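[1] 3D model of this:
(chains A and B)
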2 protein chains.
Amino acid sequence: MDTDRPALAIDIGGTKLAAGVIEPNGRLIAWEQTPTRRDLDSEQLWRTLDGLISRALEGAKVSRPQSLAGVGCGCGGPMEWPSGLVSPLNIPAWRAFPLRGRLEDRFPGIDVRVHNDAIAMAAGEHWRGAGRGTSNMLGMVVSTGVGGGLILEGRLIEGTSGNAGHIGHVVIYPDDGPPCVCGGVGCLEAIARGPALVEWAQAEGWRPGQASATAKDLAADGAAGHPVGLAAMRRAGKALGIAIASAMYLCDLEVVSVGGGLSQAGALLFDPLEEALRAHTRMEFTKQVRVVPAELGQSAGLVGAAALIFAADRYWSGG
Amino acid sequence: MDTDRPALAIDIGGTKLAAGVIEPNGRLIAWEQTPTRRDLDSEQLWRTLDGLISRALEGAKVSRPQSLAGVGCGCGGPMEWPSGLVSPLNIPAWRAFPLRGRLEDRFPGIDVRVHNDAIAMAAGEHWRGAGRGTSNMLGMVVSTGVGGGLILEGRLIEGTSGNAGHIGHVVIYPDDGPPCVCGGVGCLEAIARGPALVEWAQAEGWRPGQASATAKDLAADGAAGHPVGLAAMRRAGKALGIAIASAMYLCDLEVVSVGGGLSQAGALLFDPLEEALRAHTRMEFTKQVRVVPAELGQSAGLVGAAALIFAADRYWSGG
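    Alright, predicted model coming up:
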């Protein structure tokens, strides 16, 4: 897009809401975030977001909506795409909430684009992160859930309903895997999402009964040598490696970027991931793939939301 | 391609070589085939193919190469793509054989395009078969091997090295699955390819020690009620369903076309396939996918090879 105007970028997840103002080159000028409160109803949550947006715009000294190139937004799925009716699994207050429409009302005359948050993160990593300059990338988010977005031949792949990239539900253990929130069995997400790892570890005797224990604690204990923490990271890493191997055979990728909280566990996670990946990718063409931690870290979602505006030829086909 | 000239189409597999002449609308005018003899060396096999091509052209009354719109060829993988140096797993006589170059020498001045045979079949099914009019399709071949090709957003996906679509090596049973010829463990192909099914069935007591027994026999015995034949088809169908579920989540497909010899087993294979697929595709967007037998049957490979010429905008990006 030929513009020097900045974009408003929004990232809506089950844990936090974030809004920022981003330059056409991907630089974040100003941003704000706030926890996603569970006790709010649909309209209260919208007003929280609205206030957050106002503060981000003020922080970037954007006084008139007309000085924005557009509004890009990543939001937890599922959603109707591209209409932007969102029903985020982890935000029960919003069910078929017309997020795109409400943002269009808030910014009349300005392009508003809403996509799945994992897809936005993948777009961000491809545009300005670990996938920069590559043509075939899978961007993953390993956190409360496991999501992803697929860039093939330089463009974001939407699929039939805008849902391509759902690597969290690639099947790892079809018979004896744990049940998944999706209703299936043995999906990657059922094994590797943070809460599933905590549950598994607690059943193995780690911090039994401690309701506040998190995957971050588990990774930290693993790093300090706790055997269940180590085993949990191996379990997650192995499942990730197997899923990436399957994705590699299907899509012939150059790079896989792994973001989200769990990706910060470092070698504890990435060593078993590589081991499983290499055990299951033996054909010559599969050996090229690089699996790396997301480069943009916390800001990948916002940068990717801006990519929906600034690099729409590659990341937005939703009209 | 704006032409009324026909194309020469070639399909090279471990079992047979086929050549045909195809009109721009996909209609097969004339074709010839011959077994792929194992006792020939590299040049003898080339001369066999050369003779077959001549007979097919004569059958279609094509006397001058200049009256061809192009030459499209599907060949068993792996291969260097798009240079067309082929090393088909099941044709040991050809290792880094310069198939594209030899065809270019045979047809000077005519466009020659060589791709993986499973990709050609997928292109054929999308162009003129079960995927006609859809944007997102996986074409599969279940035979001596298990291969595939991926059409997303209306175009054949090549991936980084022309190898996208290798669904045969999506992982089904990572820990306790059978070893695969690729060097991995528990791949779809290691379970569902014909010879693997026969081996499994023989270990279960079906036609023990009968070296000539084939997957076709096994399917026929299953259809006649033989419990091991039935169990073998269930085993293959289930593995196919799981792999398709993973592909569905990654690529958000509309249709999956299943061709190759084993696909002729009908409900014996497709019922357990559907059952496993539905158990592992529970999100709303995944329920749309249709899994159907390939429509073009035996001629899918030839029709797809012609698609590399007549619909190059969708199926050929190899230059």
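[2] Identify the residues contacting the residue in the stretch 51-200 of chain A that chain B sits nearest to.
    For the stretch 51-200 of chain A and chain B, the shortest gap (C-beta to the nearest C-beta) falls at A:Gly159, measuring 2.3 Å. C-beta coordinates here come from the backbone N, C-alpha and C atoms, glycine included. Neighbouring residues of A:Gly159 by C-beta atoms under 8 Å, 6 or more residues apart in numbering or on different chains: A:Gly165, B:Asn136, B:Leu152, B:Cys251, B:Asp252, B:Leu253.
[3] Most neighbours among the residues you listed, please name it.
    Counting neighbours by other C-beta atoms under 10 Å in any protein chain shown, B:Cys251 comes out on top of the contacts of A:Gly159 with 29 neighbours.
[4] Pull the contacting residues for the residue of the stretch 201-319 of chain A found nearest chain B.
    Across the stretch 201-319 of chain A, no residue is closer to chain B than A:Asp252, which sits at 2.3 Å (C-beta to the nearest C-beta). Contacts were defined as C-beta under 8 Å, 6+ apart; by that measure A:Asp252 touches A:Asn136, A:Phe285, B:Ile157, B:Glu158, B:Gly159, B:Thr160, B:Ser161, B:Gly162, B:Asn163, B:Ala164, B:Gly165, B:His166.
[5] re earlier: confirm the residue of the stretch 51-200 of chain A closest to chain B sits in a strand?
    No - A:Gly159 is assigned coil when assessed by DSSP: H, G, I helix; E, B strand; the rest coil, not a strand.
[6] if I look at it, how far off is B:Ala236?
    Note on A:Gly159: its distance to B:Ala236, by C-beta to C-beta, to the nearest Å, is 26 Å.
[7] could you point out where chain A is predicted with low confidence?
    For chain A, the stretches with pLDDT under 70 are A:1-2.
[8] What strand or helix carries A:Ser31?
    I think there's a mix-up here, since residue A:31 is Trp and not Ser. Using DSSP states H and E, A:Trp31 falls within strand A:28-35.
[9] for that strand, the distance to its chain's centre please.
    Centroid separation for strand A:28-35 versus its chain: 17 Å, with C-alpha atoms, centre = their mean, to the nearest Å.
[10] Next: stretch A:112-128.
    When distances are taken as C-alpha atoms, centre = their mean, stretch A:112-128 is centred 8 Å away from the chain's centroid.
[11] Stretch A:110-127 now?
    Computed by C-alpha atoms, centre = their mean, the separation of stretch A:110-127 from the middle of its chain amounts to 9 Å.
[12] How about stretch A:203-217?
    Distance of stretch A:203-217 from its chain centroid, counting by C-alpha atoms, centre = their mean, is 24 Å.
[13] One more: stretch A:215-222?
    When distances are taken as C-alpha atoms, centre = their mean, stretch A:215-222 is centred 21 Å away from the chain's centroid.
[14] Now do the buried residues in that stretch.
    For stretch A:215-222, the neighbour count (16 or more other C-beta atoms under 10 Å in any protein chain shown) marks A:Ala215, A:Asp217, A:Leu218, A:Ala219, A:Asp221, A:Gly222 as buried.
[15] contact partners of that stretch?
    If you take C-beta under 8 Å, 6+ apart as the criterion, stretch A:215-222 is touched by A:194-195, A:197-198, A:201, A:206-207, A:228-230, A:232-233, A:261-262, A:264-265, A:268-269.
[16] let's see it at 6 Å
    A:Gly194, A:Leu197, A:Val198, A:Ala201, A:Gly229, A:Leu230, A:Ala232, A:Met233, A:Leu262, A:Ala265, A:Leu268 (C-beta atoms under 6 Å, 6 or more residues apart in numbering or on different chains).
[17] ok now the helix or strand containing the fifth one, how far from the chain's centre?
    By that I understand A:Gly229. Element membership for A:Gly229 (DSSP H and E) is helix A:227-251. Its chain's C-alpha centre and that of helix A:227-251 lie 17 Å apart, by C-alpha atoms, centre = their mean.
[18] hang on, the earlier thing: got the buried residues of stretch A:215-222 as CSV, with secondary structure columns?
    Output for these, formatted as CSV (three-state DSSP):
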residue, secondary structure
A:Ala215, helix
A:Asp217, helix
A:Leu218, helix
A:Ala219, helix
A:Asp221, helix
A:Gly222, helix
